[in-house]
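Enquirer: model this:
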Amino acid sequence: MYLFRLALASLANRRFTALLTASAIALSVCLLLAVERVRTEARASFAATISGTDLVVGARSGAVNLLLYSVFRIGNATNNIRWGSYQEIAADPRVKWAIPLSLGDSHRGYRVLGTDHNYFEHYEYGHHQPLQLAQGRPFASDPFEVVLGAEVAKALNYKLGDALVLAHGVAAISLVKHDDKPFTVVGILQPTGTPVDRTLHISLGGMEAIHIDWHNGVPARGAARVSAEQARNMDLTPAAITAMLVGLNSKVTTFAVQREINDYRGEPLMAILPGVALQELWSLMSTAEQALLVVSSFVVLTGLIGMLTAILTGLNERRREMAILRSVGARPWHIAGLLVAEAAALALAGIVAGVGVLYAVIAAAQGYVQANFGIYLPLAAPSAYEWSLLGITLAAALLMSVIPAWRAYRQSLADGLAIHV
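Expert: All right, here's what the predicted structure looks like:
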């Protein structure tokens, strides 16, 4: 214990160099933990996007592709599902509820989702959390009503009663707009930290109404155009949808229903389990995750090498100090232990400071990260894995300190009280 006190006194005597060394270690530890925390919470946020849904059904393609466009609003569907197929699956006695999803349009870079009342009643995220309205109500019988996600309303400064125009396609800038059929904001959802926040929700009838006078992907011209009032009085039952979410009465029937949908004879369909598809998605991204972890680990290693360099550089300047310690009874292994204790003190100070900086950054950027990236970073205690990373960092520092400790040990044996100039 006296060696540690002596090491602290020695570091205090060289406080400027010690502060710089500890700061380098602190920043590297902060980066290492930040990468791990973001990686972990990104996985949790992705997994929390959908909850309580047993199957996602869409046109036959790939499981990850279907998950991305139907749940995360990334990419596009390869094909649609016929409305009759949706009705048949929804009518299956094993199906508790079914949510139709119709995608393809946007508004100022945000996706538009056509759905029905089941979406607000049965869609869940996080730990079985239902959607809640912060203001207004869900869309009703009027096809030209829209419910905004929290981020859309905040970013575009919309409020209840505002009118907006949807655009065809999903580009940030679209040259083809449905400006003859404006929508009225009737509701704004509470923040969820999921793609729901970045989505405009309209009824299936509304999605059908804005395309009712379109033919082969081209809007009608002149007298062939259908006004909003005319569209309200027409049959707005969709011919097809993009995908559907399915909840079952019993989890036991999940695989049986999935197999039947995959073998559906009416058209080529595919049913996936969201959790399995998420695991497949993360397996594809594991290489990038490991690369980030390796890069941050090398940053920590660089900080520790800086500590090693600082201690080694100061050895020659401290030979008189070590000789004096030998003269008052210190043994060579005491001198070596002093160097190890100094490295331990620097590493501990850097680790503690790094954890402190991490929590300060999280506290300052928590709201911004959640609003812009949908990732919630909690101010939680380090996980077991994070503790292991900190332990490895400290162990690496102690291992590196053996090099200057061995040199100090050898020098103390040879120097005695001699002063080397």
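
Enquirer: Can you get me a residue count around the residue nearest to residue 257 when sequence neighbours are not counted?
Expert: Counting by C-beta to C-beta, 6 or more residues apart in numbering, the nearest residue to residue 257 once its immediate chain neighbours are dropped is residue 94, at 5.7 Å. C-beta: built from backbone N, CA, C; applies to glycine. Using other C-beta atoms under 10 Å, residue 94 has 16 other residues around it.

Enquirer: Give the full set of residues in contact with residue 38.
Expert: By C-beta atoms under 8 Å, 6 or more residues apart in numbering, the residues touching residue 38 are 375, 377.

Enquirer: Could you check how far it is from residue 375?
Expert: In this view, residue 38 and residue 375 are 7 Å apart by C-beta to C-beta, to the nearest Å.

Enquirer: One more: residue 301?
Expert: Taking C-beta to C-beta as the measure, residue 301 falls 27 Å from residue 375.

Enquirer: These two: which is more packed in?
Expert: Using other C-beta under 10 Å, the more surrounded residue of residue 301 and residue 375 is residue 375, with 18 against 14.

Enquirer: Surely the more buried one forms part of a helix?
Expert: No. Checked against DSSP: H, G, I helix; E, B strand; the rest coil, residue 375 lies outside a helix; its state is coil.

Enquirer: And for the closest residue to it other than its chain neighbours, the neighbour number?
Expert: The spatial neighbour of residue 375 that comes closest, neighbours along the chain excluded (C-beta to C-beta, 6+ apart), is residue 45 at 4.8 Å. Counted with other C-beta under 10 Å, the neighbours of residue 45 add up to 21.

Enquirer: which SS state does residue 45 fall under?
Expert: Using three-state DSSP, the three-state assignment for residue 45 comes out as helix.

Enquirer: Tell me the buried residues in the host helix or strand of residue 283?
Expert: Under the criterion of DSSP states H and E, residue 283 resides in helix 274-313. Of the residues in helix 274-313, those scored as buried under the neighbour-count criterion (16 or more other C-beta atoms under 10 Å) are 274, 277-278, 281, 296-297, 299-300, 303-304, 306-308, 310-311.

Enquirer: Could you do stretch 29-47 as well?
Expert: Along stretch 29-47, these residues count as buried under the neighbour rule (16+ other C-beta under 10 Å): 29-39, 41-43, 45-47.

Enquirer: Which of the residues you listed fall within helices?
Expert: Judged by DSSP state H, those include 29-39, 41-43, 45-47 as members of helices.

Enquirer: could you pull out the helices for this protein?
Expert: In chain order, the chain shows helices spanning 2-13, 15-47, 63-71, 83-90, 117-122, 150-156, 204-209, 228-232, 254-262, 274-313, 319-327, 332-373, 384-415, with DSSP H as the criterion.

Enquirer: Just give me the lowest mean pLDDT stretch among the ones you listed.
Expert: Lowest mean pLDDT of those: helix 319-327, a mean of 61.

Enquirer: for residue 48, phi and psi?
Expert: Main-chain dihedrals, residue 48, degrees, to the nearest 10: phi -80, psi 0.

Enquirer: Can you get me a residue count around it?
Expert: Applying other C-beta under 10 Å, I find that residue 48 has 19 neighbouring residues.

Enquirer: Equivalent analysis for residue 198, please.
Expert: 19.

Enquirer: what do you get for residue 111?
Expert: 21.

Enquirer: Residue 339 contacts residue 400, doesn't it?
Expert: No. Under the criterion of C-beta atoms under 8 Å, residue 339 is not in contact with residue 400, lying 10.6 Å apart.

Enquirer: List the buried residues of the strand ranked longest in the chain.
Expert: Counting by DSSP state E, the longest strand found in the chain is strand 95-107. When neighbours are counted by 16+ other C-beta under 10 Å, the buried residues of strand 95-107 are found to be 95, 97-107.

Enquirer: and the least confident of those?
Expert: Of all the buried residues of strand 95-107, residue 104 carries the smallest pLDDT score, 85.

Enquirer: The helix holding residue 283 vs helix 384-415, what angle?
Expert: In terms of direction (axes from the mean of the first three to the mean of the last three C-alpha atoms, to 10 degrees), helix 274-313 departs from helix 384-415 by 20 degrees.

Enquirer: list the helices and strands helix 274-313 packs on?
Expert: Under the contact criterion of 3 or more C-beta pairs under 8 Å, 6 or more residues apart in numbering; DSSP states H and E, helix 274-313 touches helix 15-47, strand 55-59, helix 63-71, helix 332-373, helix 384-415.

Enquirer: Paired strands for the shortest one, with orientation please.
Expert: Strand 55-59 has these partner strands in its sheet, going by DSSP bridges: strand 243-248 (antiparallel), strand 269-272 (antiparallel).

Enquirer: Could I get the buried residue list for stretch 252-266?
Expert: Taking 16+ other C-beta under 10 Å as the neighbour-count basis, stretch 252-266 is seen to contain the buried residues 253-254, 257-258, 261, 264.

Enquirer: is it true that residue 106 touches residue 176?
Expert: No. Between residue 106 and residue 176 there is no contact, the gap being 11.0 Å when judged by C-beta under 8 Å.
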